[in-house]
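Chemist: below: sequence and its predicted model.
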Amino acid sequence: MSFAADWIHSQVCGYGRKSAGSLIVFWRAYCDESTDDDWFIIGGYVATAETWDKFSCEWEDLLSFLPSYMDGVFKMSDLMGSDYYSERALAFYRLIENADLISMSCTLRKNELLAAFDEVIWPSNKITNWSQFRRDLTNPYIFAVRAMVLKLTRVQVKLGVHGPVNFVFDERSEQQKILNAWHHVNDSVPDDIKRLLGSTPVFDREDRSPPLQAADMWAWLVRVWQRGKEDYDWAVTEDPAWPWLHETALKKGFRVSFNQEDLRTELEKTNRLVRHHLGGLF
């Protein structure tokens, strides 16, 4: 039993693996973001505690093959600077592929979120602290986390996830923004959906969490694919840089993608709620 596997189990279940005697199935989603000047992606994987235990042990076995400058911690952007990066990345991706993991991601363009917000006619003179309101609603963390969590609640039973899912994010992420997004979902959904949300998200260090390292890889890949795939068709088979992804691009899971029109539609819904809250006078 590796340190990482026992750590994951204690975080998921609340006790060490040796203490486990229950048949309760615990689900946990590990998520990380990948961003550049244009795109914002948040992505990761959902699995049971037992699956994460096994996965963590196998992932740790591969870390010794990383370049020495990575100090035994997988980071996709760092790996891309090494020789034979494709072969090294392949080994880690095959492990992800062979595990019983459910992928998820949300993709948007940051400038389109800003533009969509400005297209909506808000009652700005009636909103207290308008500047903060605008910052919150154009924050890609808040928008993407909310969208991904809501999508999971809608499809998780179909994907074989029966029970609440607890979310874990990289503690270097913008924690308060993620918590704000999660609480917004929790406060706005009906009770039957709320039961699927699990506990308030927690944050962990990527250097001791193989599942977060896997989420880092997935978010990075989604961003690289998305940059050249305007229609989000995931037809990555033409990409010569990643020939080993040809058979596996459609990993079980779900993907949410927003263009500017989609973003405006979602923001218009928020605008209607704001106006209703203000008394429907505007």
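Modeler: Done, it's in. Quick caveat: nothing in here was measured; it's all calculated off a predicted structure. Numbering: from 1, shown residues only.

Chemist: any idea how far the residue sitting nearest the centre point of the chain is from S103?
Modeler: For the chain, the residue sitting closest to the mean C-alpha position, by CA atoms, centre = their mean, is G43 at 2.9 Å. Per CB to CB, to the nearest Å, G43 is found 7 Å from S103. Yep, even glycine has a C-beta here, placed from its N, CA and C like the rest.

Chemist: which residues are common contacts for these two?
Modeler: Among the neighbours of G43, those also in contact with S103 (CB atoms under 8 Å, 6 or more residues apart in numbering) are W218.

Chemist: surely D36 and R223 touch.
Modeler: Yes: when contacts are counted by CB atoms under 8 Å, D36 is listed as touching R223 (6.8 Å).

Chemist: what sits against N259?
Modeler: Residues in contact with N259, defined by CB under 8 Å, 6+ apart, are R109, E112.

Chemist: still on that earlier bit, who's more crowded, D36 and R223?
Modeler: It is R223, of D36 and R223, that has more neighbours when counted by other CB atoms under 10 Å, with 21 against 11.

Chemist: can you pull the contacts of the more buried one?
Modeler: Taking CB under 8 Å, 6+ apart as the contact definition, R223 lies against S34, T35, D36, W39, I41, T107.

Chemist: and the third one, backbone torsions?
Modeler: Backbone torsions for D36, taken as degrees, to the nearest 10, come to phi -140, psi -160.

Chemist: and the residue nearest to D38 when sequence neighbours are not counted, what does it touch?
Modeler: Across the structure, with CB to CB, 6 or more residues apart in numbering as the measure, the residue nearest D38 apart from its sequence neighbours is R109 (5.8 Å). Neighbour list for R109: D38, W39, F40, N259, Q260 [criterion: CB under 8 Å, 6+ apart].

Chemist: which helix or which strand is home to the third one?
Modeler: In the assignment (DSSP states H and E), F40 maps to strand 39-48.

Chemist: who does that strand pair up with?
Modeler: For strand 39-48, the paired strands and their directions (DSSP bridges) are strand 27-35 (antiparallel), strand 102-109 (antiparallel).

Chemist: quick one: which of those is nearest A147?
Modeler: Closest approach to A147 among the strands paired with strand 39-48 (CB to CB): strand 102-109, 5.0 Å.

Chemist: ok now that closest one, how far from the chain's centre?
Modeler: The gap between the average C-alpha position of strand 102-109 and the chain average comes to 6 Å, counting by CA atoms, centre = their mean, to the nearest Å.

Chemist: for the record, mean pLDDT for that strand?
Modeler: For strand 102-109, the mean per-residue pLDDT is 94.

Chemist: equivalent analysis for stretch 274-282, please.
Modeler: Per-residue pLDDT values across stretch 274-282 average out to 67.

Chemist: so where's this structure shaky on pLDDT?
Modeler: Scanning the chain for pLDDT under 70 picks out 1-25, 81-84, 86, 172-173, 228-251, 279-282.

Chemist: please enumerate the strands of the protein.
Modeler: Defined through DSSP state E, the strands belonging to the chain, from first to last, are 27-35, 39-48, 102-109, 165-170, 202-204, 253-257.

Chemist: just checking, what packs against the shortest one?
Modeler: Other elements packing on strand 202-204 under the criterion 3 or more CB pairs under 8 Å, 6 or more residues apart in numbering; DSSP states H and E are strand 165-170.

Chemist: and the strand it packs on, which residues are buried?
Modeler: For strand 165-170, the buried set under the neighbour-count rule, 16 or more other CB atoms under 10 Å, comprises V165, N166, F167, V168, F169, D170.

Chemist: again, but for stretch 264-273
Modeler: Quick answer for stretch 264-273 (16+ other CB under 10 Å): R264, E266, L267, N271.

Chemist: again with stretch 206-213
Modeler: E206, S209, P210, P211, L212, Q213.

Chemist: what does stretch 182-196 give?
Modeler: Of the residues in stretch 182-196, those buried (16+ other CB under 10 Å) are W182, H184, V185, V189, L196.

Chemist: just flag the most distant two among the residues you listed.
Modeler: For these, the farthest-apart pair by CB to CB is H184 and L196; their separation is 15.8 Å.

Chemist: I'd say S77 and W220 touch.
Modeler: Yes: distance between S77 and W220: 6.4 Å, which falls inside the contact criterion (CB under 8 Å).

Chemist: who's more crowded, these two?
Modeler: Set side by side, S77 and W220 show more neighbours around W220, with 21 against 10, by other CB under 10 Å.
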